[in-house]
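J.: sharing a sequence plus its predicted fold:
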Amino acid sequence: HISEAYLYSGQPEKALPYTSRMIQKNNYSYHDFIRNLVMLDRTDEARQHFYEMKDSIDFFTIAMCHLALDETKEGIQYLELALEERDPRISFERIWGPFDGIRNDPRIKAFEAKLNFPKALKD
C-alpha cells in the first residue's frame with residue numbers, strides 16, 4: 001500500500017489521503033488510518049473516530065487500533081480474541097512494524113509464547 005510506505009517512512013502527512021480513502025473500501029486498513037492520525041498528533045480525533053467505529057470492525061483491527069493509540073493492555077486483549085478466531089493476520093505479529101514499539105513488553109512476550117512460532121521466526 002502506498003499509505004504504508006508513507007506511514008513507515010515517517011511521512012504521515014502524505015499518507016493521510018490514502019488511509020482516508022482506504023477505509024472507505026475495507027475495514028482491514030482501518031488501523032492504518034488510526035495510526036496515521038496518531039502520527040499527525042491528532043490522537044483525540046483518532047480515539048473518537050475509533051470508538052465510534054469499534055463495534056463494526058474485527059478483533060484484529062480493533063487490537064491494532066488500540067496499539068496505535070498506545071492502549072497496549074486492550075490491544076493484547078483483542079489480539080487474544082483474534083487468535084481464538086484463528087485470524088491469519090496474527091502471523092504478522094512477529095515481523096510487522098506496528099509491533100516494534102512493544103516487542104519487549106512482557107504482555108506481548110506472553111502472547112507470542114501462545115503463538116508457538118518455529119524457532120527461526122523467534123530469533
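T.: On my side now, so go ahead.
J.: so which elements touch the host helix or strand of residue 32?
T.: Residue 32 is part of helix 30-39, with elements assigned from DSSP states H and E. In terms of contacts (3 or more Cβ pairs under 8 Å, 6 or more residues apart in numbering; DSSP states H and E), helix 30-39 is packed against helix 2-8, helix 12-25, helix 43-53, helix 59-68. For the C-beta atoms, the positions are set from N, CA and C on the backbone; glycine is no exception.
J.: so what's the residue most central in space within the chain closest to, chain neighbours aside?
T.: In the chain, the C-alpha nearest the mean C-alpha coordinate belongs to residue 64, at 2.3 Å (Cα atoms, centre = their mean). Distances taken as Cβ to Cβ, 6 or more residues apart in numbering put residue 31 closest to residue 64, at 3.5 Å, once the chain neighbours are dropped.
J.: and for residue 18?
T.: In space, residue 18 comes closest to residue 3 once its chain neighbours are excluded; the distance is 3.6 Å by Cβ to Cβ, 6+ apart.
J.: that neighbour against residue 29, yeah?
T.: Yes. Applying Cβ atoms under 8 Å, one finds residue 3 in contact with residue 29, separated by 7.3 Å.
J.: between those two, which one's more packed in?
T.: Counted by other Cβ atoms under 10 Å, residue 3 and residue 29 do not tie: residue 3 has more neighbours, with 22 against 18.
J.: residues touching that one, list them.
T.: Applying Cβ atoms under 8 Å, 6 or more residues apart in numbering to residue 3 gives the contacts 15, 18, 19, 22, 29, 32, 36.
J.: neighbours of residue 103, how many?
T.: Residue 103: 11 neighbours (other Cβ under 10 Å).
J.: cool, thanks, talk later.
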